[in-house]
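Asks: Here is my input; please provide its structure:
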Amino acid sequence: MRPRPSVPWLPGVAVAAVAAAAAWGVHWLVPAVPLLTAAVVLGIVVGQVPAARPALNGVLGPGLSLSAKRLMRIGVVLLGLKLSLGDIAGLGWVTIATTVGIVLLSFAGTFWIGRLFRLPGHQPLLLATGFSICGASAIGAMSGVVKPKDEEAATPVALVTLCGTLAIFVLPLLWHPLGLSAVQFGHWVGAGVHDVGQVVATAQLAGPAALAVAVVVKLTRVLMLAPVVAVAAVVERRRHVAGDPTVKRPPIVPLFVAGFIAAVLVRSFVPLPPVVLDAADTLQTVVLAMALFGLGTAVRLRSLLGTGWRALATGLLSWALIAALALGAVWIS
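Replies: Numbers count the residues shown, from 1 in each chain. As a prediction, the model looks like this:
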């Protein structure tokens with residue numbers, strides 16, 4: 001009988017770290033592939049290998065679970081250091097208002113579509129969060145509040161990765177036919193693509209001005225993560241009270257959400273040296289890559305393809321909805 005490791009989470013975390021390094025290698029060789037997208041895809045691929053499943057469910061399980069949950073929350077907190085309230089204010093009130101409107105409408109629309117297709121458990125909520133705000137990172141943040149089953153979180157992560165990757169190739173093909181300028185294209189990408197890395201990979205094709213606008217608009221959407229997750233936490237808390245008052249209730253504002261808000265305020269009002277920001281950005285990328293690899297290993301494509309057509313339809317419809325709303329916001333602005 002193989003002895004159990006003295007630190008049960010260490011093997012899984014070590015494998016997640018190796019996978020993050022491998023994802024960085026893929027991104028270095030093919031810059032068009034965002035590092036975090038590569039990490040999710042790598043996790044999904046590993047999760048389909050029958051020979052790997054005993055280890056994934058056994059000795060690697062605790063570490064992969066820790067990576068997918070706790071490291072994800074750390075990454076979300078560090079994501080706040082990318083946000084400056086001053087940069088967001090520089091967009092102007094029309095762009096800010098339309099961006100907030102896109103998040104709210106796409107969230108409500110995706111949630112409604114998910115319920116219409118009768119997706120199980122928390123999948124409608126997780127899909128709505130991931131597609132409307134910031135991809136797999138948002139799904140991880142919401143998972144920290146509603147505590148879904150692993151497969152409930154894995155399917156939305158796979159779908160948001162699929163649709164975000166498609167956007168890297170599809171949106172540039174529509175740039176000129178839609179008559180958009182480079183800056184308008186950047187605005188469209190920032191308002192309509194899910195993950196920050198996917199936004200960068202798509203918008204950079206139109207030049208630095210488009211990329212700058214895309215990133216600021218995208219990070220404005222990321223700022224909506226805190227209130228959306230906080231509201232979900234309040235609803236979940238009330239549900240626990242109504243169900244069984246003796247069950248431990250989730251906090252009104254999860255600790256990592258408070259940390260995210262604090263990081264945004266620090267970035268906005270404290271003059272941090274560039275070296276600190278660079279180090280935080282690198283750490284955030286590493287921990288999110290490890291977390292997304294862990295989430296990816298829980299995806300079972302056979303199950304997704306066999307019974308997940310409703311989730312796939314929800315994801316594709318949500319993708320089209322967000323792209324249309326974002327394009328409308330560009331024309332309004």
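Asks: For the host helix or strand of residue 125, buried residues please.
Replies: Residue 125 is part of helix 123-129 when elements are defined by DSSP states H and E. For helix 123-129, the neighbour count (16 or more other Cβ atoms under 10 Å) marks 123, 124, 125, 126, 127, 128, 129 as buried. C-beta: built from backbone N, CA, C; applies to glycine.
Asks: Can you list the helices and strands that the helix or strand following that helix packs against?
Replies: Proceeding N to C from helix 123-129, the next assigned helix or strand is helix 135-146, under DSSP H and E. For helix 135-146, the helices and strands in contact under the criterion 3 or more Cβ pairs under 8 Å, 6 or more residues apart in numbering; DSSP states H and E are helix 35-47, helix 72-79, helix 123-129, helix 150-175, helix 196-203, helix 225-243, helix 255-269, helix 274-296.
Asks: Out of those helices, flag the one nearest residue 101.
Replies: Ranking these by proximity to residue 101 (Cβ to Cβ) places helix 225-243 first, at 13.8 Å.
Asks: average model confidence for the closest one?
Replies: In this model, helix 225-243 carries a mean pLDDT of 74.
Asks: show me the contacts for residue 38.
Replies: Listed by Cβ atoms under 8 Å, 6 or more residues apart in numbering, the contact set of residue 38 reads 22, 23, 24, 26, 27.
Asks: what about the stretch 51-200 of the chain, any weak spots by pLDDT?
Replies: The stretch 51-200 of the chain contains residues with pLDDT under 70 at 150-151.
Asks: Is residue 31 in a helix, a strand, or coil?
Replies: Secondary structure state of residue 31, per DSSP: H, G, I helix; E, B strand; the rest coil, is coil.
Asks: count of residues packed around it?
Replies: Residue 31 has 12 neighbouring residues, counting by other Cβ atoms under 10 Å.
Asks: so what pLDDT did it get?
Replies: Each residue has a pLDDT score; the one for residue 31 is 86.
Asks: Spatially nearest residue to residue 56, not counting backbone neighbours?
Replies: residue 297 (5.4 Å; Cβ to Cβ, 6 or more residues apart in numbering).
Asks: ok, how many other residues are close to residue 290?
Replies: So residue 290, with other Cβ under 10 Å, has 32 neighbours.
Asks: Just give the closest residue to it, not the sequence neighbours.
Replies: That would be residue 16: by Cβ to Cβ, 6+ apart, it lies 3.9 Å from residue 290.
Asks: try residue 204
Replies: residue 211 (5.0 Å).
Asks: Next, the buried residues of the host helix or strand of residue 110.
Replies: Of the helices and strands defined by DSSP H and E, residue 110 is found in helix 93-116. In terms of neighbour count (16+ other Cβ under 10 Å), helix 93-116 has its buried residues at 95-96, 98-99, 102-103, 106-107, 109-111, 113-114.
Asks: Stretch 82-94 now?
Replies: Buried, per 16+ other Cβ under 10 Å, within stretch 82-94: 82, 83, 87, 88, 91.
Asks: Over to stretch 57-66?
Replies: Neighbour counts over stretch 57-66 (16+ other Cβ under 10 Å) mark 59, 60, 61, 62, 63, 64, 65, 66 as buried.
Asks: Let me know whether the fifth one touches residue 9 as I believe.
Replies: Yes - when contacts are counted by Cβ atoms under 8 Å, residue 63 is listed as touching residue 9 (4.2 Å).
Asks: Identify the contacts common to the two.
Replies: Counting by Cβ under 8 Å, 6+ apart, nothing touches both residue 63 and residue 9.
Asks: Between the helices and strands packed on helix 135-146, which one is closest to residue 138.
Replies: It's helix 123-129; of the helices and strands packed on helix 135-146, that one is closest to residue 138 (Cβ to Cβ) at 4.7 Å.
Asks: Which strands or helices does that closest one pack on?
Replies: Contacts defined by 3+ Cβ pairs under 8 Å, 6+ apart place helix 123-129 against helix 93-116, helix 135-146, helix 150-175, helix 225-243, helix 309-332.
Asks: any idea which of the ones you listed is most buried?
Replies: Among the helices and strands packed on helix 123-129, ranked by average contacts under mean count of other Cβ atoms under 10 Å, first place goes to helix 135-146 (a mean of 27).
Asks: quick one, that one and helix 150-175 angle?
Replies: 150 degrees (axes from the mean of the first three to the mean of the last three Cα atoms, to 10 degrees).
Asks: Mind listing residues that contact helix 135-146?
Replies: Contacts to helix 135-146, defined as Cβ under 8 Å, 6+ apart, come from residues 36, 40, 68-69, 72-73, 75-76, 79, 122, 125-126, 129-130, 132, 153, 156-157, 160-161, 164, 194-196, 198, 225, 228-229, 232-233, 236, 250, 254, 256-257, 288, 291-292, 295.
Asks: what do you get if the cut-off is 6 Å, keeping everything else the same?
Replies: 72-73, 76, 122, 126, 129-130, 153, 156-157, 160, 164, 194-195, 225, 229, 232-233, 236, 250, 254, 292 (Cβ atoms under 6 Å, 6 or more residues apart in numbering).
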